[in-house]
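*Asks:* Could you look at this predicted model? Sequence included:
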Amino acid sequence: MKLSVSTWNINSVRLRIDQVERALGEIAPDVLCLQETKCPDNCFPLKALQGFGYPHVVQVGQKGYNGVAILSRFPFAKVEPQNWCERQDARHIAVTLGPEAGEAAGFEIHNFYVPAGGDVPDPELNPKFKHKLQFLAEMRDWAGRRGKRPTIVVGDLNVAPLEHDVWSHKQLLDVVSHTPVETEALETLRQEGAFIDCARHLTPEPTKIYTWWSYRSPDWAAANKGRRLDHVWISDDLGSTLRSVDIHGDARGWMRPSDHVPVTATLEF
DNA sequence: ATGGTCGATCTTCGA
């Protein structure tokens, strides 16, 4: 059987509900993980999402900021949102797939929205950057302690870890998302958690891969100054099952797009 | 060193 999992920072699920429908129709993943739903719980468009063919939907939200959701064709055996950095920030939700998922039953799927970290890459001067580093440190703890269940980690991790995950390694070394303290933290936690970076497993460097293009670039497609901020990782026990990774770059060209595009990994076992 | 553009919200903050 195959299992496909997509991740997408939607930057307001209410504003872009039609684009969620379109993406689900075109990609047809088994599971879609959304970040930045920007939606308080009592406004979450649950019925609309279920109507797109994904009856199993869980989310944590808050007013105006953050928010993560998981949509699935399969039921969940367990749902575990988790708080990080002693805040109730709606930056993580995890599910365990139920027996209806067949050979994927018992798989854990973790959906993260890592803090962006503000503009100044100095934790002493910028509390947002300090928060980001603390969040990554807590993820490292979590990765090192996690159980041995087959696990998929996805999300907007807000770090472009490798040289060719950004349009200019040199010019972005001092830019939040690509500073050495962040890239080393993300790579360390990934390795300690024994996770495979799916996109890079199939498309090694020096091929450039981007999943995000700033709104501030007037001609984003021609300039192509992107960064790879959105990731799909699988635990190493799933390594032999990875079949493909798709970066749905065309979604950046849709009307009133998110600044991030969907990323989909397909496993087969 | 700064601006550029978005989205949610309540005139500014976070990205």
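*Replies:* It's in. The structure displayed is predicted, hence computed values, not measured ones. Residues are numbered from 1 along each chain as shown, chains lettered A, B, ... in the order given.

*Asks:* If we ignore the residues flanking it in sequence, what's nearest A:Gly102?
*Replies:* A:Met1 (5.4 Å; Cβ to Cβ, 6 or more residues apart in numbering). In this view, the C-beta of every residue, glycine as well, is placed from N, C-alpha and C.

*Asks:* Next one: A:Val175 from A:Ala222, what distance?
*Replies:* Taking Cβ to Cβ, to the nearest Å as the criterion, A:Val175 is separated from A:Ala222 by 21 Å.

*Asks:* and those two? which has more neighbours close in?
*Replies:* Summary of the neighbour comparison: A:Val175 and A:Ala222, criterion other Cβ atoms under 10 Å, with A:Val175 having more neighbours (14 against 8).

*Asks:* what's near enough to touch that one?
*Replies:* If you count contacts by Cβ atoms under 8 Å, 6 or more residues apart in numbering, A:Val175 has them with A:Pro121.

*Asks:* what about it, which helix or strand?
*Replies:* Under the criterion DSSP states H and E, no helix or strand holds A:Val175.

*Asks:* give me phi/psi at it?
*Replies:* For A:Val175, the backbone dihedrals are phi -100, psi 130 (criterion: degrees, to the nearest 10).

*Asks:* Next to DNA strand B in this structure, residues from the stretch 51-200 of chain A, please.
*Replies:* Within the stretch 51-200 of chain A, the positions near DNA strand B by Cβ under 7 Å from any atom of the strand are A:Lys63, A:Gly64, A:Tyr65, A:Pro115, A:Ala116, A:Gly117, A:Gly118, A:Lys128, A:Asn158.

*Asks:* low-confidence ranges in the stretch 1-150 of chain A?
*Replies:* With pLDDT under 70 as the threshold, the stretch 1-150 of chain A has no low-confidence stretch at all.

*Asks:* Show me the strands in it, by range?
*Replies:* A:2-9, A:31-35, A:56-60, A:68-72, A:76-81, A:92-97, A:108-113 (DSSP state E, counting those that start in this stretch).

*Asks:* Check those strands for me and report the most buried one.
*Replies:* When neighbours are counted by mean count of other Cβ atoms under 10 Å, the highest per-stretch mean among those falls to strand A:31-35, a mean of 30.

*Asks:* Now tell me what touches that one from outside.
*Replies:* By Cβ under 8 Å, 6+ apart, the surrounding residues in contact with strand A:31-35 are A:3-10, A:13, A:20, A:23-24, A:54, A:59, A:66-74, A:109, A:111-113, A:154-156, A:262.

*Asks:* Listing partners with orientation, what would you give for it?
*Replies:* Using DSSP bridges, strand A:31-35 pairs in its sheet with strand A:2-9 (parallel), strand A:68-72 (antiparallel).

*Asks:* Put together TSV for those strands, with distance to A:Glu184 on each row.
*Replies:* Listed next are those as TSV, based on distance: least, Cβ to Cβ, whole Å:
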stretch	distance to A:Glu184
strand A:2-9	23
strand A:68-72	25
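
*Asks:* ok, A:Gly25 - how many residues close by?
*Replies:* For A:Gly25, the count of nearby residues is 10 (other Cβ under 10 Å).

*Asks:* Report the separation between the nearest residue to it once chain neighbours are set aside and DNA strand B.
*Replies:* Counting by Cβ to Cβ, 6+ apart, the nearest residue to A:Gly25 once its immediate chain neighbours are dropped is A:Phe52, at 7.7 Å. Taking Cβ to the nearest atom of the strand, to the nearest Å as the measure, A:Phe52 and DNA strand B are separated by 18 Å.

*Asks:* swap in A:Glu36?
*Replies:* Distance from A:Glu36 to DNA strand B, counting by Cβ to the nearest atom of the strand: 7 Å.

*Asks:* mind listing what that residue touches?
*Replies:* When the contact criterion is Cβ under 8 Å, 6+ apart, the partners of A:Glu36 are A:Asn9, A:Ile10, A:Asn11, A:Ser12, A:Asn66, A:Gly67, A:Tyr113, A:Asp156.

*Asks:* so what's A:Cys43 up against?
*Replies:* A:Arg14, A:Gly61.

*Asks:* Could you export stretch A:37-54 as CSV, CA atoms only?
*Replies:* The C-alpha coordinates for stretch A:37-54 follow below in CSV (Å, rounded to 0.1, in the frame of the first residue of the first chain):
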residue,chain,number,x,y,z
THR,A,37,-4.3,28.4,10.1
LYS,A,38,-4.6,31.7,12.0
CYS,A,39,-8.0,30.7,13.2
PRO,A,40,-9.6,30.5,16.7
ASP,A,41,-11.1,27.1,17.4
ASN,A,42,-14.7,28.4,17.2
CYS,A,43,-14.1,29.7,13.6
PHE,A,44,-12.3,26.7,12.2
PRO,A,45,-13.9,25.5,8.9
LEU,A,46,-14.2,21.9,10.0
LYS,A,47,-17.3,21.0,8.0
ALA,A,48,-15.8,22.5,4.8
LEU,A,49,-12.6,20.5,5.1
GLN,A,50,-14.4,17.3,5.9
GLY,A,51,-16.5,17.9,2.8
PHE,A,52,-13.4,17.8,0.7
GLY,A,53,-13.1,14.1,1.4
TYR,A,54,-11.1,14.2,4.6
